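Engineer: No sequence on hand, only this structure:
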């Protein structure tokens, strides 16, 4: 694959060309069920994985009762939307063309994957891809985090062009 070619570009009909390598498609297919499992393991109240908490943010920081009510009311809708987006990404990972709505699903899922990884790795704004230590056991996860950020940026660029 040409490293200077955009991975996503809008076609004249409004759809988007998808030009990602097989390894990138493999990675997305690998991450989809992991994110789905994390989403399905969350509950509206009580202890949840801190990474999942990023996907179901607190609405009322100062009032736990209100937040519990909010989570009980909204969680199912948010969960359904996230799972629907994952289904779309999973179904279109191997295609070379996606619609505007499908690209939205890609963008949402990739952002969720990045949020989960970033939370698990305790990434800060100062962390740079060049700071990775090959001896660190988190190097592969950190590289994936940075890759997802780059991929998300390319999707956003395609959307505004």
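Structural biologist: That came through fine. Because the structure is predicted, anything quoted here is derived from the model rather than measured.
Engineer: next SSE after the worst-scoring helix or strand of the chain on mean pLDDT?
Structural biologist: Ranking every helix and strand in the chain by mean pLDDT, DSSP states H and E puts helix 50-53 at the bottom, with a mean of 83. Per DSSP states H and E, the first helix or strand lying C-terminal to helix 50-53 is helix 64-92.
Engineer: Mind checking what helix or strand follows that following helix in sequence?
Structural biologist: The helix or strand immediately downstream of helix 64-92 is strand 97-98, counting by DSSP H and E.
Engineer: who does that next one touch, helix- and strand-wise?
Structural biologist: strand 16-18 (3 or more CB pairs under 8 Å, 6 or more residues apart in numbering; DSSP states H and E). In this view, the C-beta of every residue, glycine as well, is placed from N, C-alpha and C.
Engineer: at 10 Å instead, please
Structural biologist: strand 16-18, helix 64-92, helix 100-121 (3 or more CB pairs under 10 Å, 6 or more residues apart in numbering; DSSP states H and E).
Engineer: what's the spacing between the residue nearest the centre of the chain and residue 80?
Structural biologist: For the chain, the residue nearest the mean C-alpha position is residue 110 (2.4 Å; CA atoms, centre = their mean). Distance, residue 110 to residue 80, by CB to CB, to the nearest Å: 19 Å.
Engineer: Could you list the buried residues of the least confident helix or strand of the chain?
Structural biologist: Within helix 50-53, the residues scored as buried using 16 or more other CB atoms under 10 Å are 51, 52.
Engineer: okay, and for the chain, where does confidence drop off?
Structural biologist: 1-4, 43-47, 126-131 (pLDDT under 70).
Engineer: so which strand or helix has the closest residue to residue 90 other than its chain neighbours?
Structural biologist: Closest residue to residue 90 apart from its sequence neighbours, by CB to CB, 6 or more residues apart in numbering: residue 32 at 4.9 Å. If you go by DSSP H and E, residue 32 is part of helix 22-40.
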